[in-house]
Structure formats: structure tokens, C-alpha cells
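**Q** Sharing a model prediction with you, sequence too.
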Amino acid sequence: MRKNKDSRYLIIALFVGLAFSLSSCYEPEEGCLDVAAKNFQVDADLNCPDDCCEYPSLKLVLSHRVGAPGNDVPIRYIDSIYTDAQSQVFRLQKMQYYLSNFMLHATDGSTAPVTDLIDVESFNPDGSLSANQLVDDFLLINPSFSNSLTVGEIQVNGTFEAISFSLGLDELANRTDTSSVEEGHPLGSIDDRMYVDEDQGYAFVEAAILRDTVASDTIPAEVRVVGVDQRIDYFIPFGQPFDLNPGFNINISLHINYATWLNAIEDVRNDSPEAIADKIVSGLSQAISLVEISADNI
């Protein structure tokens, strides 16, 4: 009997020793513990330091076309001709514009902006500067190369039914001091500046139009749409609810029909740049339509 009791104690001691040995060797694993992140690590014990979580993005795929879907051609500079409301022909030398204020709209009535932020200095009415923080969702679109763009990070999931955004900038963003923004940012110092001056802020749309198609026409009319009151706000329904899972990017494809912009010009040969700018704005509201929505975690 004594022998059995001693054996039992020995087995217990071995198990205790083994458990102690295993626990002393175990090291907690660090990882991203935010379920909204793309790199959420379900088996991690400790949240990783230094903001290691990688969040999904709102991405745009832009189709720059002249004409409605199914009856359209790519927009091109110089080597293509376009017509005004009187069927007078002209050419484009360049065009670019701002998109901003992106917001996803959920079926429960909530809204979700991107989470990127940028610190800027803004001009006050008296010319002084003040520090401000803006949602950093600014895109400078040039139809010749702006096709697939990342708006910014999103940290939401759920069921969404629409997206809204603006062509142009809101009042605070329009007062940004360009020198307070890093070079290369859409609001900063770029090769082809959209900034006009301290009083007017930025041009929301800028185009260079050659009023005729003859070879001798080499001096373009510089057209600028300026002023917060010229901003165009878009609200584009998805048609049916879209379920976005945690950790997935949402990709929204848009068709931009430049014919609605360009055909709104009444008299390209004789109108002033200001009159052309007004007509371009009048054609903007129907220019953008939804193609499709998708999601991925790449």
C-alpha cells in the first residue's frame, strides 16, 4: 500500500513539474487585436505596439469617358475633338478637379468617413493663420491618369446603401495655406497648382480649352471654377444594400461622362472663360454614375 501511495505522489509531482516547465516557457504573442483591421490576429494575446494594425481602405475606380455607358469613348487631350451646345468643335489641352468629403451611408442611418487626418494652417478673414485638422480625403483628378485611387482608411463594417462626396472643397479646406501641407499632397505644392490666391482659395475645376481644331490654335482659354458656392455635392445610391465585412476594402467604380460637362458650353468660340466655367458647372450634376461595388482584403 505504501508503494502505491508513493507512486501516486511521484506522478503528481511529475505533472506539476511539467506544467510549471510549460508555463515558464510560454511567451504571450503580440498582434493586432482590432477586429476591424485587415491584419486582425485572433490567436494573439497582447495588442501590438506602435500602431501595427493595418486598416482597410475606401478605393475608387474611375472610368473617364465621353458618353453614357455602352455608348462612350475615352476622354483624350489634344488629339480628340469635342462639341459645344451649337456643335462647334474644340479640343482639350488639360482638365483636372478636386473630389473630397467622402462618406459611406449605412442602412441604419449612420455615416462613415475615412479616418485619415491632416494638420494644416488655415487663413482667417483678417489674413492671420490658425491651426486646423481636416479629414484627409482629398483627391486631385486628372482624366489622363487618375483611374484607381485610394481615398483613405475606413474602420467600419456593416450594410451600406450609398456614397456621397463633393466636387470641390468645403469652406475650411479652401482656406488652407499651401505651405503648411507637404509637397505632393493635393492641397500642397504640386507641379500644376490649383491654388489661386488667399482670397479665392483653390480652383475646384481647371481646364485649358483650344477653341478651334485648326493647327494654328495653340493658345488655350484657361477656364477655372472658383468659389465654395460652386461646389457640387453628389449622393449616389448603390441600388441595393452592400454588406461590408470587417477588414475588407470597399471598391467603388464610377463612370464619369464628360459629355455632360463639355456639351453644356454654349459658344466655345466666343464665350469668356468665366461663362464657360459657369456652363461646365451646370453640366456637372449628372456627370457621375455608379458602375459597381466590390470588396477585397488585399
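**A** Thanks, I have it. In this text, all values refer to a predicted model and were calculated from it rather than measured experimentally.
**Q** All the helices of the stretch 1-150 of the chain, in order from the start?
**A** When assigned using DSSP state H, counting those that start in this stretch, the helices of the stretch 1-150 of the chain occupy the ranges 2-25.
**Q** any low-confidence regions in it?
**A** Applying pLDDT under 70 to the stretch 1-150 of the chain flags the ranges 1-27, 45-46.
**Q** the strands in it, which residues?
**A** Taking DSSP state E, counting those that start in this stretch, the strands of the stretch 1-150 of the chain run over residues 30-31, 46-47, 57-66, 73-74, 82-83, 89-106, 111-112, 117-123, 129-135, 139-141, 148-153.
**Q** With distance to residue 247 and mean neighbour count as new columns, can the ones you listed be given to me in JSON lines?
**A** For glycine as for every other residue, the C-beta is placed from the backbone atoms N, C-alpha and C. JSON lines is the format used below for those (distance: least, CB to CB, whole Å; neighbours: other CB atoms under 10 Å):
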{"stretch": "strand 30-31", "distance to residue 247": "13", "mean neighbour count": "16"}
{"stretch": "strand 46-47", "distance to residue 247": "16", "mean neighbour count": "12"}
{"stretch": "strand 57-66", "distance to residue 247": "11", "mean neighbour count": "20"}
{"stretch": "strand 73-74", "distance to residue 247": "34", "mean neighbour count": "12"}
{"stretch": "strand 82-83", "distance to residue 247": "43", "mean neighbour count": "18"}
{"stretch": "strand 89-106", "distance to residue 247": "16", "mean neighbour count": "20"}
{"stretch": "strand 111-112", "distance to residue 247": "15", "mean neighbour count": "16"}
{"stretch": "strand 117-123", "distance to residue 247": "21", "mean neighbour count": "16"}
{"stretch": "strand 129-135", "distance to residue 247": "22", "mean neighbour count": "14"}
{"stretch": "strand 139-141", "distance to residue 247": "24", "mean neighbour count": "19"}
{"stretch": "strand 148-153", "distance to residue 247": "12", "mean neighbour count": "17"}
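**Q** Could you say which one of those comes nearest to residue 242?
**A** Proximity to residue 242 (CB to CB) singles out strand 89-106 among the strands of the stretch 1-150 of the chain, at 9.3 Å.
**Q** which other helices and strands contact the closest one?
**A** Here strand 89-106 touches strand 57-66, strand 82-83, strand 111-112, strand 139-141, strand 158-167, strand 201-210, going by 3 or more CB pairs under 8 Å, 6 or more residues apart in numbering; DSSP states H and E.
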